[in-house]
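Participant: Have a look; sequence and predicted model below, questions after that.
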Amino acid sequence: MTSNLLVYLIALPLFGSAILMLAGRRSDKWGHLFATALSASSFGVGLYLFSQMLSRSGGNRAVTQNLFSWISVGTFQVNAGLMLDQLSICFVLLITGVGTLIHIYSIAYMSHDLDRRRFFSYLNFFIAAMLLLVLGDSYLNLYVGWEGVGLASYLLIGFWNQKPTYATAAKKAFVANRVGDLGLSLAIMISFATLGTVSFAGVKAHAGQASTASLTAIGIMLLVAATGKSAQFPLQAWLGDAMAGPTPVSALIHAATMVTAGVYLIVRSNFIFDAAPTAQLLVAIIGAITLLFGAVIGMAKDDIKKALAASTMSQIGYMILGAGLGPVGYAFAIMHLLTHGFFKAGMFLGAGSVMHGMDDEVNMRRYGGLRKFMPITFATFGLGYLAIIGVPPFAGFYSKDKIIEVAFNMGGIKGVTLGGAAMLGAAITAFYMTRVVVMTFAGNKRWDEKAHPHESPAMMWIPMVLLAVGSVASGFIFTHGNSLVNWLAPVVAPNPEHHSEMLKPAVVSIMALVAVLIGIGIAIMKYLRKDVPVVAPENVSIFTKIARRDLLQDDFNEAVFMRPGQKLTQGLVVADKALIDGAVRGVARMTVGTGSTLRNTQTGFVRSYAMWILLGAIGLIAAIWVVTL
Amino acid sequence: MNSANWLTSLGVLPLLGAVLISVLPKANDLLVKRVALATTLVVAGTAIAMATQFQRDNVNFQFVETHSWIPSLGINYAVGVDGIALVLILLSVLLAPIVVLAGWNEAVGGRWSVKTFYVLMLVLETMMIGVFASTDVFLFYVFFEAMLVPVYFLIGGYGTGARSAAAVKFLIYSLFGGLLMLASIIALYVLSGEQGGHTFDINALAHLHMSSMTQNVLFIGFFIAFAIKAPVWPFHTWLPDAAEAATPGTSVLLLGVLDKVGTFGMIRYCLTLFPHATKTFTPVILVLAVISIIYGAFLAIGQTDFKRLIAFTSISHFGFIMMGIFAMTSQGHSGATLYMFNHGFSTAALFLVAGWMSSRRGSSRIADFGGLQRVTPVMAWVFFFAGMSSLALPGLSSFVSEFLVLVGTYTRYPVAAVIGAFGIVLAALYILIPVQRALHGPVTEGNEHLLDLNLREKVAIAPVIAVILFLGFYPSPLLRVINPAAAHSIAQAGYSDPLPSIDKAGK
Amino acid sequence: MDTFVAPALSYSLLSPILIVLGGAVLAVLVEAFVSRLIRPVAQLSITLGTLVLSLAQVFRIRHASSLTAAMGSVAIDGPAILLQGSILVIAILGVFLIADQEHFTGLAAAIPGSSEEREAVKSGEKVTEVYPLTLFAVAGMLLFPIANDLITLFVALEVLSLPLYLMAGLSRHRRLLSQEAALKYFLLGAFSSAFFLFGAAFLYGYSGSVSLAGIHDAIESSPGNIVLLLIGMSFLSVGLLFKVSAVPFHAWTPDVYQGAPTPVTAFMAAATKVAGFGAMLRIFYTAFENSYWDWRPLLTVIAIITMLFGAIVAIAQRDIKRMLAYSSIAHAGFLITGILALNKSGLDATIFYLFAYGIATIGAFGIVTLVRDSSGEVTDLNRWAGLGKRSPFIATVFATLLLAFAGIPLTSGFIGKFTIFSAAFESGNKAVVVVGVLSSAIAAYFYIRVIVLMFFSDPVEDGTSVVIPSFLTRVTVIASFAVTIFLGVFPTPLLNFISSTATFLR
Amino acid sequence: MNPANYLYVAALLFTIGAIGVVVRRNAIVVFMCIELMLNAANLAFVTFARINGNLDGQVMAFFTMVVAACEVVVGLAIIVTIYRSRRSASVDDASLLKR
């Protein structure tokens, strides 16, 4: 089934971005509105396609559009083709929907920035790239979007790049992503070498014939790609710094959409992972590690955005874990992705509005008792909070508990460890999110007198409200009658045989709730009962110190990659001059030297010349003698 | 126009322009420049017209033209193009007007008059066309060597810094390689004489009977010449010096076109004439290629000067091209040829902007710049764009070629491809580090009053950007021309694409 | 006791030589009897007239071939005609340079710096002995490559050498150097010709005949004592290799080239090489043909040493004339490879190379005569800096000639190198080809260095300037420039003519 | 008596001459050594003429004498000029041209 509307999903925002770029300052007046309109219209197209989809039965809901033959050399045939199926439509709606809300929010948030127009053209560009990522019908098309969003995030993180640290953060993000991209491109190479195709359909069709080894290789490479893009261990280090970007960016790119691309990639490649258990297990393990890693960092952060970033990392860890659990997990991974999209974006926008009110103060130790000053922000943020810690009946409860449950149900050591990790993560999540809420909205005010906290304009709180609605309702909607699971069934093909339930869902939920309550309790003990010092106490345990230093992730990279790399580079630069070029110059110098030495045979004394001739003659005789013997 | 003499006319046009310029009054620089620009535009137009006549699926040389030149030595003036040569000729003639327009004032302050500069330029253009078009090995050699002279004077006469030293280094290096090739050519000549009549016709020589020993020796003669031309580690040290000293325009032609003669020669001569030797040496060459990729990237990261940095990035890119060529798969081959074209444009973009930056700032040291994005947004953007195309961002032309090379190599030589792929990461570093230093951060002093691009410069760079974008999304026009030729040259070398492993398993 | 038979001489075939000799005698008479005022003009016109006439004769008999022109003592055949032609053309161009009297002392016999020398200079005396000397030398050169027996060979050698010894001493400026050059050239020349003669004696002893044909037959039937042959061959080679300045018999070349008046240098650098190699070609291709197993290895070694030595030492030179001298040594090496080839293509290539190289050399030295300061020519390379600025045209021509020496395509030098190397390769001497290629790479370096000096370095303000060339000099320079380019682009006519005519008569 | 002996003499003379050229400084003496070598050659020629039993060698000898005479003329001219300007006939003094 084909549809020629798909291209418009991408074309509209791309067009907007291009116009704003070319028009430059001339479009300062209307640029932001234009961009928002285009994003919204793209959302409209998405909705229309969604409605059409609903009108068709499960099997043939997917639509494709083939634009032209992009690269065609020998057997390497890649079309510029788009594919919209049940999986990608979820993303399309999330991207365009949340995206549009954040456009609107940014109109107000960025109103004082001289370069707002440029900001919006970036945003549009991001929307287009992200849509291409989820709509591309082959790994190579996905790759284009994949790096496109990378570029967008680079540009947006470095939006205020006159600040060197921000510029560095942007560079860091790009490079880390490139490492992931390396994985993706290798995956594509392997799949072409083994399967002779790189289109999703093709790979899906032939995956069965390929050897497990090569499929595992592909899977691991895809996982590398995912870790890069989704800030998973060990490529997670860039996400925290990425908070240098304007808060709407953090909400859209580094919470709701781009960072979840890794999850999309893995779920999209279910046919590979299902056939490569090792790779799949690795995915689950990475997810588990990261969800704890992020959670731990989250506990120690005083910068509200960094705390949220850490929690994003952790939540995506849940998704990856879910995706790593195989057919039963894919749907829940996606579900958590969507719900997370709502509540995390909402909370980021909330954080943004707090910063807006506190003239860009990000240190939570300088907040406190803000709830009466910005009630709406508090309300929306609170709902998001309840959602993320997984309190029923909020969205997080449904999605996260499902993942924990499925994890336990893997059975055996695997089940216990993964499930346990997820459970522990839930508790920690509850702790640090409570900490955030308490430090920000509750307790005594700790900001100095210059700050005049105030509620943000409607332009900003309306999107927050809408997202809050999402974070309340979405979970219920998705799980009501297994709607999302069934919806995604044609894509991810859950295997019918039912797992031996190690634990009943109810049990899992109760355990989870208990864990959450413990987390909340400790947090309240620590931060509500005693009042929070304005400067972070130094006399803390080594663990806290390490956690504050992001578990030494940067120190590690620096020690293992950066410094040796720099040494190597300097060494090579010297070696190039000294050895290679030196060798060349040496030969030249040697020749000249020989010349000036031989020159001295020309003594100027005629008798020595005569001597030469005489010796020459004798030499000739001697030689000719030898020759004839 | 009679299709037989397309190439000759193409080659003669710049010469006519040169003659015309040389009779113009010395004083009137503007007129000289205009004539030069007009000439190059006419040539470009003619070339495009010719390209439309090219039959894509015909793998034989087209627009063939043969006149006996030195019959007593069996030397002919024989020209003709296949898809690969055609693409490279297009590259040369398209870059020429851009270079003229972009470097509108770069001839000023040279040793000699502006006139001389453009005469040399146009003569060089003729040579470039000739070197790609000739199908007679001797003729090729003549162009190959004669081409050095104008470049030598362009670098030494109009460059900056240690220009004459750089020029000499360039010339000696190239001459040395050329002479080794001459030895091989002489051997070919003698062999052809022993096997029925002296000839230099590439097709005839391809059927020469040679012992594998002979093949290897002669192959080395050719290969070193080409390896020096397309600087391959460890023959590269002339390039950074030359690129640093030469004017931006010259550098564009040097890196963008002249160095391609090396890689082109590998395809056209090494592969066609010495298939067995090619097989023998492929492992060594792949190692060299991979080293070039990584080594070039690392040195690029380590450079403190824009021009040297770009030079080293090119060394890295030439590693990719060579890898693609000697991977001996249709993807690798087409990718390599496409890479040559794309690299021409992305380097052109990088070098022209770098040239504008340094001419405004009076220095090409990266450290002297800072915060340009605030002062000169357009220039900064163009540089950033050029950088992105240099690091092969998907959606830009160079991505297509780089990925084809990698995929094509992987199917036959996975290890080389995997190591080479790390160039992708390093590329991000060698582009983003200078971008951050020069464009981002606060405006450092000395840069507050730099002027942004003027209209002429915008007009000059616009087509480059357009081409890079267009080919990024729609490379087919070129690929359709390249593919048959590439497939042909692989078949000639006695290779065929490896099958996907599942099919192999099936067999 | 049979009756005396008058020798039968075919004068028309010998006419080129006879004309030149006649002209020389006439010139001597003029020197003796014509008044000083009109002497220069008269001499110049006589000399040129003679040479042109002789050239015309050569052209007239271009298809002739005879062994009996002078009772078998000379061979008139293709190579002979070609070489004589080249020599005459070069000689004419050389005389054009010599005609610029600036270079010659007014009174060769005067002590440098003595009162009578100053007198001579003041009275604007013009030396004109140089013309008859030139003519005699030319006559010797014409005879050398066609001589078909050892006697004629020796006589020709001396006839071409003796005048050159004297001419080397005629420079106006730097008299002492000039005289020293003459002395060295003379002593070493005589020394080497003694070897030549001794070698000739042994060859005669081996073969019992002084004619090359006789030696050839003797070698074929190899009757006599091989030792005699070997000694004879090597000593004869000493004399010849000396003339063409091959290492280790080269030592005179730089000194003499530098000391001699530049026009003379030009003349002898170009013409002597042609004559010398002409003779070598004939001897090695006809007389020694069958014993090449004996001499080829030696000549190979000498060729290699010569190429490398010339190229490498030239790099270290600071004086343009010395540099050209060493470059001529290197070229001698290249030419020897042509002799080594010992096949038709080698013969053709060598003849082509000789002509191309001779013409280019004349032009190069012609330009050297133009670069002067108050005290005459400037040969110090450093003072050539920025010549390209002072007079672009001259610099460009010189650069072109240098590129020709370096063997860059589209110049005669390239075709020459290519043909001669391919001939050597054909004959299986791959090593020589490789070394040749390498040494031309080295050689390229110092040619390029001069170009850099002329174009890429700024002029030093020390009064060095390029004088407006006299008409004749201009003709020489332009002619050699034109020929160099023409032969680089359209060598076909000459190549064809050579390959169609050049076959030795035995 | 064995004609070969004449050849030995010739060779001896030639060697003496050659060595003389290398070791003696005075230009005149050097020149005379060269003459000696020429005459050694002459001796060889006539000897061979005798051995081969034809006259060519002897003819050659006559030619050589003439040529040698010419050489003397030229040579003395040069040497004398040098002597006059330098007041010395030592060949080692004439060594301005070098390297």
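Facilitator: Cool, got the structure.

Participant: rest of the way, CA atoms for contacts and neighbours
Facilitator: OK.

Participant: from the middle of its chain, how far away would the strand ranked longest in chain B be?
Facilitator: If you go by DSSP state E, chain B has its longest strand at strand B:62-70. Its chain's C-alpha centre and that of strand B:62-70 lie 25 Å apart, by Cα atoms, centre = their mean, to the nearest Å.

Participant: Likewise for stretch B:483-498?
Facilitator: 22 Å.

Participant: before we move on, back to that, could you confirm whether any residue of the longest strand of chain B contacts chain C?
Facilitator: Yes: residues of strand B:62-70 are located near chain C by Cα under 8 Å from any Cα of the partner chain, namely B:69, B:70.

Participant: Check the burial of the closest residue to chain D within the stretch 251-400 of chain B by counting its neighbours.
Facilitator: Residue of the stretch 251-400 of chain B nearest chain D, by Cα to the nearest Cα: residue B:254 (40.3 Å). The tally of other residues near residue B:254 (other Cα atoms under 10 Å in any protein chain shown) stands at 22.

Participant: now do residue B:194
Facilitator: Residue B:194 has 12 neighbours, counted by other Cα under 10 Å.

Participant: and if you look at residue A:289?
Facilitator: 23.

Participant: residues in contact with it?
Facilitator: A:233, A:317, A:421 (Cα atoms under 8 Å, 6 or more residues apart in numbering or on different chains).

Participant: May I ask which of these has the most neighbours?
Facilitator: residue A:317 (35 neighbours).

Participant: Next up, phi/psi of the residue of the stretch 251-400 of chain B closest to chain D, please.
Facilitator: phi -60, psi -50 (degrees, to the nearest 10).

Participant: what's the distance between the residue of chain A found nearest chain C and residue C:440?
Facilitator: Nearest residue of chain A to chain C: residue A:595, at 4.1 Å (Cα to the nearest Cα). To residue C:440, residue A:595 is 15 Å away according to Cα to Cα, to the nearest Å.

Participant: Which of those two has more residues huddled nearby?
Facilitator: More crowded of residue A:595 and residue C:440, by other Cα under 10 Å: residue C:440, with 24 against 21.

Participant: what about residue B:213, how many neighbours?
Facilitator: Close neighbours of residue B:213, defined as other Cα under 10 Å, add up to 11.

Participant: So it versus residue B:285, what's the distance?
Facilitator: 18 Å.

Participant: So, low pLDDT: which residues of chain C?
Facilitator: C:1-2, C:106-107, C:124-125, C:223, C:463 (pLDDT under 70).

Participant: correction: the stretch 351-500 of chain A
Facilitator: A:494-500.

Participant: can you pull out the helices in it?
Facilitator: Taking DSSP state H, counting those that start in this stretch as the criterion, the stretch 351-500 of chain A contains helices spanning A:375-389, A:395-409, A:412-441, A:458-479, A:483-492.

Participant: Select, out of the ones you listed, the one closest to residue B:453.
Facilitator: helix A:458-479 (38.2 Å; Cα to Cα).

Participant: Take the closest one, keep the C-alpha atoms, and write them as PDB.
Facilitator: Taking Å, rounded to 0.1, in the frame of the first residue of the first chain, the C-alpha atoms of helix A:458-479 are listed here in PDB:
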ATOM      1  CA  ALA A 458       0.300  31.100  29.000                       C
ATOM      2  CA  MET A 459       2.300  30.500  25.800                       C
ATOM      3  CA  MET A 460       4.500  28.400  28.000                       C
ATOM      4  CA  TRP A 461       2.200  26.800  30.500                       C
ATOM      5  CA  ILE A 462      -0.400  25.600  27.900                       C
ATOM      6  CA  PRO A 463       2.000  23.100  26.400                       C
ATOM      7  CA  MET A 464       3.000  22.100  29.900                       C
ATOM      8  CA  VAL A 465      -0.600  21.400  30.800                       C
ATOM      9  CA  LEU A 466      -1.200  19.400  27.600                       C
ATOM     10  CA  LEU A 467       1.800  17.300  28.300                       C
ATOM     11  CA  ALA A 468       0.700  16.800  31.900                       C
ATOM     12  CA  VAL A 469      -2.600  15.500  30.500                       C
ATOM     13  CA  GLY A 470      -0.600  13.100  28.400                       C
ATOM     14  CA  SER A 471       1.500  12.000  31.400                       C
ATOM     15  CA  VAL A 472      -1.700  11.300  33.300                       C
ATOM     16  CA  ALA A 473      -3.700   9.500  30.600                       C
ATOM     17  CA  SER A 474      -1.400   8.000  28.100                       C
ATOM     18  CA  GLY A 475      -0.500   4.900  30.100                       C
ATOM     19  CA  PHE A 476      -4.100   3.900  30.700                       C
ATOM     20  CA  ILE A 477      -4.900   4.400  27.000                       C
ATOM     21  CA  PHE A 478      -2.000   2.300  25.800                       C
ATOM     22  CA  THR A 479      -2.700  -0.600  28.100                       C
END
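
Participant: What lies in contact with that helix?
Facilitator: Under the criterion Cα under 8 Å, 6+ apart, residues A:98, A:101-102, A:104-109, A:335, A:339-340, A:342-343, A:345-346, A:349-350, A:353, A:376-377, A:380-381, A:383-384, A:387, A:393-399, A:483-485 lie in contact with helix A:458-479.

Participant: change it to 7 Å
Facilitator: With contacts defined as Cα atoms under 7 Å, 6 or more residues apart in numbering or on different chains, helix A:458-479 is touched by A:101, A:104-105, A:108, A:339, A:342-343, A:346, A:349-350, A:380, A:383-384, A:387, A:394-396, A:398-399, A:484.

Participant: which helices and strands sit right next to the strand ranked longest in chain A?
Facilitator: Assignment by DSSP E gives strand A:63-73 as the longest strand of chain A. In terms of contacts (3 or more Cα pairs under 7 Å, 6 or more residues apart in numbering or on different chains; DSSP states H and E), strand A:63-73 is packed against strand A:76-84, helix B:476-492.
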